[in-house]
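Novice: With the input below, show me the fold.
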Amino acid sequence: MTIRIRPASTNDALHVAAIVDIAGHGIELESWIRDSGDNHAALEAARRAASADANSPYHFSKAHLIEVDGAVAGGLVGEVLTGNDDYAAEISPALMPLVTLETRLVGYWLILAIAVYPEYRGRGLARRLLAEAAELAVAAGAKGLCLTVEDNNLAAISVYDRLGFVTADRLPWVAYGGRSGPREWVMMRRDF
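Specialist: Predicted structure coming up:
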């Protein structure tokens with residue numbers, strides 16, 4: 001089995017959108033549907049979100065993909081938090097707690113999304129992506145890594161705990177798309 005991590009390209013926009021969708025449990029779907037216009041092509045709106053605007057938090061230029069034997073198996077999206085981004089007018093109520101948490105860790109490298117396709121899970125790929133995120137963060141001069149996870153995602157929280165992440169902050173989880181379950185978003189960080 002050959003494993004490789006590489007920067008995403010514009011041709012990978014749909015993979016980037018899928019990673020965002022998997023990691024966010026569909027939290028961006030509402031905006032993609034809204035942005036699909038009269039043709040109702042949500043996947044096209046998702047592709048545009050990952051490829052058209054370089055300032056978008058989900059732009060492919062902020063993504064790295066992990067491949068297994070040449071096939072994309074997952075990836076991560078992230079960048080250093082600068083505190084200069086102002087998407088408040090475009091943000092749904094469900095996303096507002098996430099954005100608020102992110103403004104509290106300026107200078108950290110935010111793992112905005114990390115996911116592995118289900119058929120590739122259990123092979124240590126997420127751990128490799130987290131190591132890649134740490135390398136990118138160090139190269140960017142970040143203070144550390146941070147990410148946000150739902151409080152009921154105990155498996156992910158356990159992995160992050162084992163890798164040295166600690167809880168930095170919490171905010172209430174806001175329901176979206178008919179989902180229920182979590183109570184809070186948990187911002188976790190790992191200092192360098």
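
Novice: In the helix or strand harbouring I5, which residues are buried?
Specialist: I5 belongs to strand 3-7 when assigned by DSSP states H and E. Going by neighbour count (16 or more other C-beta atoms under 10 Å), the buried part of strand 3-7 is I5. (C-beta placed from N, C-alpha, C; glycine too.)

Novice: Check which element follows the longest strand anywhere in the chain along the chain.
Specialist: Under DSSP state E, the strand in the chain containing the largest number of residues is strand 71-80. Scanning forward in sequence from strand 71-80 by DSSP H and E, the next helix or strand is helix 96-102.

Novice: Check which helices and strands that next one is in contact with.
Specialist: Counting contacts by 3 or more C-beta pairs under 8 Å, 6 or more residues apart in numbering; DSSP states H and E, helix 96-102 is packed against strand 144-150, strand 166-172, strand 184-191.

Novice: residues making contact with the helix or strand bottoming out on mean pLDDT in the chain?
Specialist: Scoring the helices and strands of the chain by mean pLDDT, DSSP states H and E places helix 29-35 at the bottom, with a mean of 79. With C-beta atoms under 8 Å, 6 or more residues apart in numbering as the test, helix 29-35 has contacts from 17, 21, 40, 42-43, 45-46, 48-49, 90, 92, 94, 176-177.

Novice: Let's see that with 6 Å instead.
Specialist: Contacts to helix 29-35, defined as C-beta atoms under 6 Å, 6 or more residues apart in numbering, come from residues A42, A45, A46.

Novice: Residue most distant from the centroid, the protein?
Specialist: Most distant from the centre of the chain: D38, at 28.0 Å, with distances by C-alpha atoms, centre = their mean.

Novice: which residues sit in contact with G177?
Specialist: Residues in contact with G177 (C-beta under 6 Å, 6+ apart) are G26.

Novice: looking at this, N55 is in a helix?
Specialist: No. With DSSP: H, G, I helix; E, B strand; the rest coil as the criterion, N55 is coil rather than part of a helix.

Novice: quick one: it and G24, what's the gap?
Specialist: 19 Å (C-beta to C-beta, to the nearest Å).

Novice: Over to K62?
Specialist: The separation that K62 has from G24, given C-beta to C-beta, amounts to 15 Å.

Novice: Figure out how far the strand holding I5 is from the centre of its chain.
Specialist: From the chain centre to the centre of strand 3-7 is a distance of 17 Å (C-alpha atoms, centre = their mean, to the nearest Å).

Novice: Give me the contacts around the helix or strand that comes right after it.
Specialist: Later in the chain than strand 3-7, the nearest helix or strand by DSSP H and E is helix 13-23. Contacts to helix 13-23, defined as C-beta under 6 Å, 6+ apart, come from residues 8, 28, 46-47, 50-51, 58, 60, 63, 72, 75, 113-115.
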